[in-house]
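Participant: let me see the structure of the following:
(one chain, ligands or ions: 1)
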Amino acid sequence: MGAPDLLNPERRMLRAMQLSEPDRSWDLESLLAACEWTDQAVAVGAGHGLQNHGFVAVDERVLREISLDLGGDDAHKNGLLEHRIWSWMNDHEDEHPPTMKGLQEAFERHEAGPGVGLLKQLGVSIEGGLLVASNPDEITRTIDERTDFLTSLPALDDTLDQSLLNHFSARKNLIKVVERTVRHWSLTTEGQHVSSDDLQETVVISELTPELLQGEAWKSAEFRAFDVTLEAATPRTGRSHPMQALIERVRSIFLEMGFSELVDDYVQSAGWNMDALFIPQDHPAREMQDTFYLDQPSSIKLDDDVLQAWKSIHEHGGETGSTGWGGTYSTEVSQRPLLRTHTTVNTIQYLAEHPNEACRVFSVDRVFRKEAIDRTHLPEFHQIEGIIMEEDANLQMLVTTLKTFYTKMGYPEVRVRPAYFPYTEPSLEIEVKWRGKWLELGGAGIFRPEVTEPLGITSPVLAWGMGLERLAMLVLGLDDIRQLYISDLEWLRNQPVL
Ligand code: PHE
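Facilitator: Next up, the predicted model:
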């Protein structure tokens, strides 16, 4: 049974009662103790509310407590007036019978007068100035009863002799009556069945909601303080691998800088991976320890036109004014299949397909090199590659673009240094400052005429290629690149959201 409209004290009281035997009758004391209240008005109010809901039955009785009034206190100490006069009469009986005169001498006026009235009621008569008792034993017994009555006070009205109570009620100032309401509370069947879940007290606000802030109630509300020292379980939800998250971030930065993404195969020919980029065919990087060549397919067929153009460039510089590398260019070597060693293999093919359209293209993709695995090397890794081709493209534009990218990544300190690549002139190394040190993150440059002319490209092409794992080491604070790929769940769970 739900009890959503109960007030907090009502909830607390009902919970306390449910924790005890169901048919218990609760008095005020035990209720205050059980609810940890000190104010009985709270208990009475809560009980009243619960009674209205039918969850609690209240037995309410008005008790009359009889206690001594001022005159009663005095009578208790010094004896009732009739008792004192009766004693006086008995003390003097033997020598001379007590007279009215003697009584008036022995007692003050305000006592003598009413005293005589009381004695008359008890059976004392005045005969010729003498005080005569016809029933002395009965008078003594009645006075003792009255004295005992006063001694028994305070007491509840219904425990007392009613005729004596009536007697003293009729006399002035001896006793007083205090009325007291006594309540007993007990659970009803409905009350026993209210779910304890419905009896949680909603004492303080522990959560700010828009609804709460739209109203006025929060102004007077009590708010629960956060205890940041408490142990809390870390919520474990599915999440992207940090590398995937980093790739997404890099992507979104280039997309917002106006680049289009290029996605292409990693199985490529040596011709596009190297020859197109004017890397000499006898370059050591082509040898087995650097490049993964493939047995299948046995060769990748290339267009005769490009093969002849590269042959001319490599052997004597074609029409570019360059002297080329000399020697004999092999179209067979050109058509050897391999796993791409850099993503420049894809951007150069993109340019070959669109030689006269200005473009901004990027890719974040996997490359392969025959590297021994160590702290900073992996045989499979990712490059962040990009090109800008447009009529007025220049070196400053290249540097600014790279600085903009790294600033957006959170590394505003970027510098470039002269470098060498066979396919760019000038060539740059890009460095980023991290924890006070300059770290080399990639290469860049403007494609040489030996690269662009055979493909019919006339505008300058700015190009760069940067290591993604190097950047990840920076972002995640790693000193070992292998950490990224060993699937250490504990480590993965604790990585920041990128
Ligand atoms: N391809 C080069 C590398 O793999 C990077 C680079 C790309 C340099 C484009 C210049 C221009 O390191």
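Participant: for Glu201, which non-adjacent residue is spatially closest?
Facilitator: The shortest distance from Glu201 to any residue that is not its chain neighbour, by CB to CB, 6 or more residues apart in numbering, is 4.6 Å, and that residue is Asn8. C-beta coordinates here come from the backbone N, C-alpha and C atoms, glycine included.
Participant: I'd assumed Thr202 was in contact with the one you found.
Facilitator: Yes: under the criterion of CB atoms under 8 Å, Asn8 lies in contact with Thr202, with a separation of 6.6 Å.
Participant: so the two - more neighbours on which side?
Facilitator: With other CB atoms under 10 Å as the criterion, Asn8 and Thr202 differ in neighbour count, and Asn8 comes out ahead with 13 against 10.
Participant: next, work out how far apart the more buried one and Lys408 are.
Facilitator: Note on Asn8: its distance to Lys408, by CB to CB, to the nearest Å, is 52 Å.
Participant: same question for Arg84.
Facilitator: Arg84 is 108 Å from Lys408, by CB to CB.
Participant: quick one: what helix or strand has the residue of the chain found nearest the ligand in it?
Facilitator: Residue nearest to the ligand within the chain: Gly465 (2.8 Å; CB to the nearest ligand atom). With secondary structure defined by DSSP states H and E, Gly465 is part of strand 461-467.
Participant: what's the spacing between the helix or strand just after that strand and its chain's center?
Facilitator: Heading C-terminal from strand 461-467, the first helix or strand you meet, by DSSP H and E, is helix 468-476. Taking the mean of its C-alpha atoms, helix 468-476 sits 31 Å from the chain's own mean (CA atoms, centre = their mean, to the nearest Å).
Participant: helix 468-476 and the ligand in contact?
Facilitator: No: judged by CB under 6 Å from any ligand atom, helix 468-476 makes no contact with the ligand; its nearest approach is 10.9 Å.
Participant: and the residue most central in space within the chain, how close does it get to Pro422?
Facilitator: Ranked by distance to the mean C-alpha position of the chain (CA atoms, centre = their mean), the top residue is Phe226 at 7.8 Å. For Phe226, the distance to Pro422 under the criterion CB to CB works out to 61 Å.
Participant: over to Met17?
Facilitator: Going from Met17 to Pro422 by CB to CB gives 89 Å.
Participant: and for Arg448?
Facilitator: The spacing between Arg448 and Pro422, counted by CB to CB, is 8 Å.
Participant: pick out whichever of the two has more residues nearby.
Facilitator: For the pair Arg448 and Pro422, the greater number of neighbours falls to Arg448 (21 against 17), based on other CB under 10 Å.
Participant: surely the more buried one meets Tyr423?
Facilitator: Yes: contact status for Arg448 versus Tyr423: in contact at 5.9 Å, counting by CB under 8 Å.
Participant: so what sits against both of those two?
Facilitator: Phe278 (CB atoms under 8 Å, 6 or more residues apart in numbering).
Participant: residues in the stretch 301-450 of the chain within reach of the ligand, list them.
Facilitator: Residues of the stretch 301-450 of the chain lying near the ligand by CB under 6 Å from any ligand atom: His342, Thr344, Phe421, Thr424, Gly442, Gly443, Ala444, Gly445.
Participant: what's the neighbour count on the closest residue to the second one other than its chain neighbours?
Facilitator: Across the structure, with CB to CB, 6+ apart as the measure, the residue nearest Thr344 apart from its sequence neighbours is Gly465 (5.7 Å). Here the count is done by other CB under 10 Å, and Gly465 has 21 residues near it.
Participant: who's in contact with Gly465?
Facilitator: Contact analysis of Gly465 by CB under 8 Å, 6+ apart lists His342, Thr343, Thr344, Gln383, Ile384, Glu385, Gly442, Gly443, Ala444.
Participant: one more: Gly129?
Facilitator: For Gly129, the contacting residues are Thr99, Met100, Lys101, by CB under 8 Å, 6+ apart.
Participant: element containing the last one?
Facilitator: In this case it means Lys101. Take DSSP H and E as the rule and Lys101 turns out to sit in helix 100-106.
Participant: ditto for Met89
Facilitator: Following DSSP H and E, one finds Met89 within helix 81-92.
Participant: residues contacting that helix, please?
Facilitator: 75, 78-79, 98, 102-103, 106-107, 111, 114-116, 118-119, 122, 124, 131, 133, 136, 139-140, 143, 146-147.
Participant: need the buried ones from those residues selected in ChimeraX.
Facilitator: In ChimeraX, this line selects whichever of the contacts of helix 81-92 come out buried by 16 or more other CB atoms under 10 Å:
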select :75,79,98,102,103,106,107,111,114,115,116,118,119,122,124,131,133,139,140,143,146,147
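Participant: in helices, which of the contacts of helix 81-92 fall?
Facilitator: 75, 78, 102-103, 106, 111, 114-116, 118-119, 122, 136, 139-140, 143, 146-147 (DSSP state H).
Participant: quick check: bridge partners of the residue of the chain closest to the ligand?
Facilitator: Following DSSP bridges, Gly465 is listed with bridge partners Glu385, Gly443.
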